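Trainee: Sharing a sequence plus its predicted fold:
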Amino acid sequence: MDRREFLKRSVLLTAGAVVGSRLMAEGTFSKTPHKIVGLQLYSLRDAMKKDVPGTLKKTAKMGYQTLETAGYGDGKLYGYAPAEFRKMCEDLGMQVMGAHLGRSYTKETDAEVMDWWKQALDAQAEAGCSYAVQASYPIGEKLDDIKLYCDYFNQVGAEAKKRGLRFGFHNHAKEFEKREGEVIYDYMVANTDPTNVMFELDVYWAQKGGVNPVDYIRKYAGRIPLLHIKDEQAIGESGTMDFKSIFDAAYDSGLESYFVEVERYGRTPEKDVAASYNFLAAAPYVK
């Protein structure tokens, strides 16, 4: 059994047990779906600031089963203790799978930043996460600037591993620019330890950066276990993203989990996030 199948079964067991017991108590029962669709909660960022329990309930009702957070601060997730937030999600049949968080870094701030990470990673582990991902960093103009962050990410990854987590990096378009003749993304893959650092490819931003995300998924099979599935607005509506080819390549290359992220909206955030779930749930190429 590969890691993706193991994680999928774990999610289904958790969701099935929680949802099943709740529905039986209510006198109804429906089969837990076998297609796991994840959501990056930044997609509902304004709602999460106003009403965390209500927004999570709506997310579960849409059909999402795994979550990636974007609300860590001072040992808490969206203002809740990690265990409390985890229980809130699991009571709704959802699993907290990952988190976006991070700090900028200099050699002078090493001790302070690494202390921050130790507390932050403890919180993610308590919340039940498998992955902790830094979503961006201030990209410099020289390869030495990039190398500094590669070394830093290796350190964070080692700390994550101690807690049973995997640390990774999430791209935007800028990582596909060149510095001193080297593509930044490729340089980062080459200069990070595969045992400490994985990558979460944002397929939309990769395409905006001028590359074919399918090529990168296949090129770095085993290094990109996570994807951000993104479009101009709701997933599948722009017609510019070849999601079938993306998923086909990802399944061939060691995909473990993926998360929908909706950054811009054509309707309301809730409607576009729900439409994104419905698109992927209906897509025959999404397993």
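Mentor: Good, I have the coordinates.
Trainee: Residue 216 contacts residue 223, doesn't it?
Mentor: No. With contact defined as CB atoms under 8 Å, residue 216 does not reach residue 223; the gap is 9.5 Å. C-beta: built from backbone N, CA, C; applies to glycine.
Trainee: More neighbours: those two, which one.
Mentor: Neighbours were counted for residue 216 and for residue 223 using other CB atoms under 10 Å; residue 216 has more, 25 against 18.
Trainee: Could you name the helices and strands sitting against whichever strand or helix holds residue 186?
Mentor: Residue 186 is part of helix 184-190, with elements assigned from DSSP states H and E. Under the contact definition 3 or more CB pairs under 8 Å, 6 or more residues apart in numbering; DSSP states H and E, helix 184-190 sits against helix 143-162.
Trainee: which is the next helix or strand following the helix it packs on?
Mentor: Helix 143-162 is succeeded, C-terminally, by strand 166-170 (DSSP H and E).
Trainee: contacts for that following strand?
Mentor: Contact partners of strand 166-170, identified using CB atoms under 8 Å, 6 or more residues apart in numbering, comprise 100, 130-137, 153, 156-157, 159-161, 188, 192, 196-200, 202, 225-226, 228.
Trainee: And for stretch 190-203?
Mentor: Outside stretch 190-203, the residues touching it (CB under 8 Å, 6+ apart) are 131, 133, 146-147, 150, 153-154, 156-158, 160-161, 166-172, 188-189, 213, 216-217, 220, 222-230, 241, 246, 261.
Trainee: so which strand or helix has residue 246?
Mentor: helix 243-252.
Trainee: With residue 133 instead?
Mentor: strand 131-134.
Trainee: That strand pairs with which strands?
Mentor: Its sheet considered, strand 131-134 pairs with strand 95-100 (parallel), strand 166-170 (parallel) by DSSP bridges.
Trainee: Any chance of a markdown table for the ones you listed, columns mean pLDDT, distance to residue 252 and mean neighbour count?
Mentor: Shown next, in a markdown table, are those (pLDDT from 0 to 100; distance: least, CB to CB, whole Å; neighbours: other CB atoms under 10 Å):
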| stretch | mean pLDDT | distance to residue 252 | mean neighbour count |
| --- | --- | --- | --- |
| strand 95-100 | 98 | 22 | 26 |
| strand 166-170 | 98 | 20 | 24 |
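Trainee: any chance of those strands in TSV, with distance to residue 183 too?
Mentor: TSV is the format used below for the strands paired with strand 131-134 (distance: least, CB to CB, whole Å):
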stretch	distance to residue 183
strand 95-100	23
strand 166-170	14
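Trainee: follow-up on the earlier one: which strands and helices sit next to the helix holding residue 246?
Mentor: helix 213-219, strand 226-229.
Trainee: Quick one: neighbours of residue 103, just the number.
Mentor: Residue 103 has 15 nearby residues by other CB under 10 Å.
Trainee: How much space separates it from residue 155?
Mentor: 12 Å (CB to CB, to the nearest Å).
Trainee: cool, and residue 235?
Mentor: 35 Å.
Trainee: Now do the contacts for residue 188.
Mentor: Contacts of residue 188 by CB under 8 Å, 6+ apart are 146, 149, 150, 153, 169, 175, 199.
Trainee: so which of the helices and strands packed on helix 243-252 is the most packed in?
Mentor: Here the criterion is mean neighbour count by mean count of other CB atoms under 10 Å, and of the helices and strands packed on helix 243-252 the winner is strand 226-229, at a mean of 26.
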